[in-house]
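In: Need a 3D model of the sequence below.
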Amino acid sequence: MKSDWILDVLKDLRTFAIENGLPVLAEQLDDTAIIAMVEIAGRTELTGGQHDAGRADSSVAGEVGAI
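Out: The predicted structure is shown next:
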């Protein structure tokens, strides 16, 4: 089962925070997204890529600044 959907939820929450004048919350959500990416990637490594294949590895490298 993929768990990287949580990154999309965090991105949506960050967008809401920015659009509604909540910059501290937006920054906290950035930090939360980084933690989520690291944990998803770590779990993928532990399971030999059976879970979250594909996106978790590229997310850590490519989306840290995108969220």
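In: Going by C-alpha atoms from here, please, whenever you check contacts or count neighbours.
Out: OK.
In: What is the end-to-end distance of stretch 12-30?
Out: Its start and end residues considered, stretch 12-30 measures 11 Å (Cα to Cα, to the nearest Å).
In: Tell me which residues of the helix or strand containing Ala33 come out buried.
Out: Applying DSSP states H and E as the criterion places Ala33 in helix 23-46. Across helix 23-46, burial judged by 16 or more other Cα atoms under 10 Å covers 26, 29-30, 33-34, 36-38, 40-41, 43-45.
In: again with stretch 3-10
Out: Result for stretch 3-10 [16+ other Cα under 10 Å]: buried residues 4, 7, 10.
In: Could you measure from the last one over to Val24?
Out: Applying Cα to Cα, one obtains 14 Å for the distance of Leu10 from Val24.
In: Likewise for the first one?
Out: Summarising the geometry, the distance separating Asp4 from Val24, computed by Cα to Cα, is 24 Å.
In: now Leu46
Out: Counting by Cα to Cα - Leu46 and Val24 are separated by 33 Å.
In: any low-confidence regions in this protein?
Out: The model of the chain has pLDDT under 70 over residues 1, 44, 47-67.
In: one more time with 90, if that's ok
Out: The chain contains residues with pLDDT under 90 at 1-4, 43-67.
In: List phi and psi for Ser3.
Out: Main-chain torsions, Ser3, degrees, to the nearest 10: phi -120, psi 0.
In: That one and Ile40 touch, don't they?
Out: Yes: assessed by Cα atoms under 8 Å, Ser3 is found in contact with Ile40 at 7.2 Å.
In: Which ones among the buried residues of stretch 3-10 map onto helices?
Out: Judged by DSSP state H, helices contain the following of the buried residues of stretch 3-10: 7, 10.
In: ok, the buried residues of stretch 3-10 vs Ala17, which is closest?
Out: Among the buried residues of stretch 3-10, Leu10 lies closest to Ala17 (Cα to Cα), at 10.4 Å.
In: hang on, isn't the closest one packed against Gln28?
Out: No: Leu10 is beyond contact range of Gln28, at 10.1 Å (criterion: Cα under 8 Å).
In: and the closest residue to Glu27 other than its chain neighbours, what is it in contact with?
Out: Nearest-residue entry for Glu27: Arg14, 7.9 Å, with adjacent residues in sequence omitted and distances by Cα to Cα, 6 or more residues apart in numbering. Contact partners of Arg14, counting by Cα atoms under 8 Å, 6 or more residues apart in numbering, are 25-27, 29-30, 67.
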